[in-house]
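Participant: This is a predicted model, with the sequence first.
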Amino acid sequence: MKRKLILLNLVLVALLVAVGARYWRVNGEARLRERNVLNVTVNPEKAVMLPPVPALAPVSAVAYIDVAQKMLFARDRNPNVIIDATPPPPVPIMPALPGFYGLMTGFGDPGIILSERAGGPQKIYRAGDTIGAFKLLAFDNRKIVLDWDGEKVERRLDELIVKALVQSAASNTPTGGAAAAPPAAQVITNPLPLGPGAEIPGGNRACQANDSTPGGTVTGGMKKVEVQGMFGKSCVWEPVK
């Protein structure tokens, strides 16, 4: 038993000696490599000089002229003026306003006696009717509202009376040495007994504008009848029965 322990101790000592010798040799080789690497002299190569960076030119708006003139989303952005070959439509001119001759307010729906032009055929119109190029929108005993080409035209009745009465006064003036017809303003301020006007439904005749004939007057088998209505005084010439 003792001999075995001694033999085992000898084996362990030999193993320790082998491991130490191996460590000593590996450590010596490592130090030798370190000295060989650190003691080598390296000759540095000459640095190559890079070419200088070219200077940037200042930004000019002229250099981007093609961008402004050749935009895909705006073809009209170019110095060439595009001339429209189609001339613009002519501006419509409003024609002469209708002539006014009187009102019909005491017999059913209110009506107004107008002509397409001063001195033309007279006719009774009501709101919504068309007279020439105009459409009658509304009226009362002072003004009239017309529609022309979508535009609202409002005028006083006395403005249209002047145009109608000038023609009437000229036709009633006798020829041959008679005095000239008075101006329109005098026709308005100095009414004349004009008598029955245009024929209306029912065999009656309308009263002419600015007629000074008193109510109850009988002329040519027609009697002037005046009625006070909600829109003011209205009149009509009725046949004498």
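Facilitator: Everything's here; your move.

Participant: Tell me the predicted confidence for the residue at minimal distance from the centre of the chain.
Facilitator: For the chain, the residue nearest the mean C-alpha position is residue 150 (14.4 Å; C-alpha atoms, centre = their mean). pLDDT recorded at residue 150 is 89.

Participant: Could you do residue 106 as well?
Facilitator: For residue 106, pLDDT reads 64.

Participant: Would you mind measuring from residue 2 to residue 13?
Facilitator: From residue 2 over to residue 13 the distance is 17 Å, taken as C-beta to C-beta, to the nearest Å. Quick note: C-beta positions are derived from backbone N, CA and C, even for glycine.

Participant: And the two? Which one has more around it.
Facilitator: residue 13 (10 against 6; other C-beta atoms under 10 Å).

Participant: Then the more buried one would be within a strand, right?
Facilitator: No - secondary structure of residue 13 (DSSP: H, G, I helix; E, B strand; the rest coil): helix, not part of a strand.

Participant: Quick check: the gap between it and residue 125.
Facilitator: 144 Å.

Participant: What ranges does the protein have for its strands?
Facilitator: Applying DSSP state E to the chain gives strands spanning 99-104, 111-115, 123-125, 130-131, 134-139, 143-148, 151-156, 196-199, 205-207, 218-219, 222-229, 232-239.

Participant: Just put the ones you listed in a markdown table and tack on mean neighbour count and distance to residue 47.
Facilitator: Converted to a markdown table, the strands of the chain look like this (neighbours: other C-beta atoms under 10 Å; distance: least, C-beta to C-beta, whole Å):
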| stretch | mean neighbour count | distance to residue 47 |
| --- | --- | --- |
| strand 99-104 | 25 | 107 |
| strand 111-115 | 24 | 106 |
| strand 123-125 | 19 | 106 |
| strand 130-131 | 13 | 100 |
| strand 134-139 | 18 | 96 |
| strand 143-148 | 17 | 92 |
| strand 151-156 | 11 | 88 |
| strand 196-199 | 18 | 116 |
| strand 205-207 | 23 | 117 |
| strand 218-219 | 12 | 129 |
| strand 222-229 | 15 | 116 |
| strand 232-239 | 18 | 113 |
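
Participant: Tell me which of these lies nearest to residue 41.
Facilitator: Of all these, strand 151-156 sits nearest to residue 41, with 105.1 Å by C-beta to C-beta.

Participant: Parallel or antiparallel, list what pairs with the closest one.
Facilitator: The strands beside strand 151-156 in its sheet (DSSP bridges) come out as strand 143-148 (antiparallel).
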